[in-house]
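Provided below are the primary sequence and the corresponding predicted coordinates.
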Amino acid sequence: MIMYRTFSTAIFTVLCLTAAAQGAGYAPPLGTKTLYTTGQDTDAPVPSGYSPFFINYIGRHGARHATGTNELLKLDAFLRTAADSGALRPDGIRLQKMVQALLTVEQNYPSGKLTAIGEVEQYSIGKDMGDRYPTVVRQPEDCLEVVSTPEPRTVQSAEQFLKGLASASRYITNTPNDSIRLRFFSLSPAYKDFEKKGAWKEAQARLESADPYRSANTAILHRLFNDTWAVRLEQGEFPAFTRPDAFISAMHSAAVIAPGLKAELQTAGYKKEDADIFSLLSEKEAASLEFVDAARDYYVKGPGLDPTGIQVRVAAPLLADFIQSSDKWLASGKKGADLRFAHAETMSPIATLMGCEGAAVAVTNPFHYADVWRSDHLIGYSANIQWVFYRSQGSGDYLLKVLYNEHPIHLPIPTSRFPYYTWKDVREYYRKKLHSLDADPGRDMYSYLQTLR
């Protein structure tokens, strides 16, 4: 097992690597594996007499290792067989070496755990929150409630976030297994059925059969393999890859995870180009592969064909929790934060259900979905939504500012002083929405998910 370096060393190394990558020009499209970029909180002055006192937070885990090596092993075995048969062209030989490099690194780390970059992402978001709102989250009397799903990567994310937060709080509670509020997508039988055979599959099939995607597949396969093997892959003749695009899909999955492994690859003695699968693709080809791959997230996690579809309504338990927890904190008068750590499958539907700017528009023409929705902007690594509450001493009025990836966004609720909203208006809007879904705060949400249709 590779020994982990000290966290301070990891921070320095990863920040240097990230800075170098940002200055390198072309950035390949990574979809949900996009590395986190800090947003700019607003400089708009807080209305007179108001001060922040509570933050309600939901965030995705940071950049991670592969959740398993089976796909890399399958790619490696297939490429070895092709090499033994003399079927690899020069770019195919390069790909084989890149897959071997990724596999070598990934076999030395626990599956799905945060990478060094992922740790720094979470640390940085926590630090930003602490630096911006020190009177809310860093004082001894501030209360922090930390909840996550049971996966190691979300538990790790909470740990690194708290390190960056650097709070002196004496009141921190931690719940490392909150599936109803944070893994709602795994508890609804009807949603699972929708994932497997929902109406969205027809729209997805249109994208996969379109010329740009098929042409990219053909060009890439014939660049990697001799014509005989390329045609057999296109026809799904190999047992390991029975769909026409199965090999390209597996290769793309390996390509998008590599940027999050920069530090681990460097530690293992590899250079960036040793695992840069995107260097084997043109920008147009990479964009075509990502366009089709991200569409599935749009349909099964986002607004898709219907912004009130089951893929959105499944997130009602989390929205109800945001309302309930906000009410609880406001009634108590205490300062602090409710911090939740979850997954892309959590972030996308809750953003759509909240009607967050850029997250809630459905389209009927699948070729135009990217005009209204971007997975890299919405559910990349460490994506987060923050409700920042403000109160005025001596009054019962509360204001709310909503940040998406630390940038203020619009809600579908009127306000005359953006980015601040009247909490009364926000609360009423979301309670009406939840009521229309038969998901009023306080109801049995496990039952809701089990009976959702």
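Structure's in. What do you need? Numbers count the residues shown, from 1 in each chain.

okay, CA-based contacts and neighbour counts for the rest of this
Noted.

where does this protein dip in pLDDT?
1-25 (pLDDT under 70).

can you do 50?
1-24 (pLDDT under 50).

just the strands in it please.
With DSSP state E as the criterion, the chain has strands at 50-60, 143-148, 171-175, 336-342, 384-392, 398-404, 407-408, 420-422.

tell me which residues are up against the third one.
Think strand 171-175. Contacts to strand 171-175, defined as CA atoms under 8 Å, 6 or more residues apart in numbering, come from residues 140-148.

for ChimeraX, what selects the buried ones among those residues?
Burial among these is assessed by 16 or more other CA atoms under 10 Å; the matching ChimeraX selection reads:
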select :141,142,143,144,146,147,148
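
for E106, state which of the contacts of strand 171-175 is nearest.
Nearest to E106 among the contacts of strand 171-175 is S148, at 24.4 Å by CA to CA.

what's the closest non-adjacent residue to N405?
N384 (5.1 Å; CA to CA, 6 or more residues apart in numbering).

pretty sure the one you found contacts S348?
No - with contact defined as CA atoms under 8 Å, N384 does not count as touching S348 (10.1 Å).

for the residue nearest to S288 when sequence neighbours are not counted, give me its contacts.
Closest residue to S288 apart from its sequence neighbours, by CA to CA, 6+ apart: Y213 at 5.6 Å. Residues in contact with Y213 (CA under 8 Å, 6+ apart) are 207, 285, 288-289, 292.

state the distance from Y213 to A82.
24 Å (CA to CA, to the nearest Å).

try H407
H407 sits 48 Å away from A82, going by CA to CA.

what about these two, which has more around it?
A82 (19 against 15; other CA atoms under 10 Å).

any idea how far L403 is from that one?
Distance from A82 to L403, counting by CA to CA: 49 Å.

check S395 too.
From S395 to L403 the distance is 25 Å (CA to CA).

and the two? Which one has more around it.
When neighbours are counted by other CA under 10 Å, S395 and L403 differ, and L403 comes out ahead with 22 against 8.

now do the contacts for the more buried one.
41, 385-388, 409.

grab the nearest non-local neighbour of it.
Computed as CA to CA, 6+ apart, the closest residue to L403 that is not its neighbour in sequence is Q386, at 5.0 Å.

before we move on, what about T32?
G380 is the one closest to T32 (CA to CA, 6+ apart), at 4.2 Å.

okay, the contacts of L403 in TSV with neighbour count next?
TSV is the format used below for the contacts of L403 (neighbours: other CA atoms under 10 Å):
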residue	neighbour count
D41	15
I385	23
Q386	23
W387	21
V388	20
I409	18
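
what bridges to the residue nearest to Y421 when sequence neighbours are not counted?
Excluding the flanking residues, the one nearest Y421 by CA to CA, 6+ apart is L400, at 5.0 Å. Taking DSSP bridges as the rule, L400 bridges to F389, Y421.

how near is the closest residue to L162 other than its chain neighbours to A342?
Setting aside the residues directly before and after it, L162 is nearest to G126 in space (CA to CA, 6+ apart), at 6.2 Å. To A342, G126 is 15 Å away according to CA to CA.
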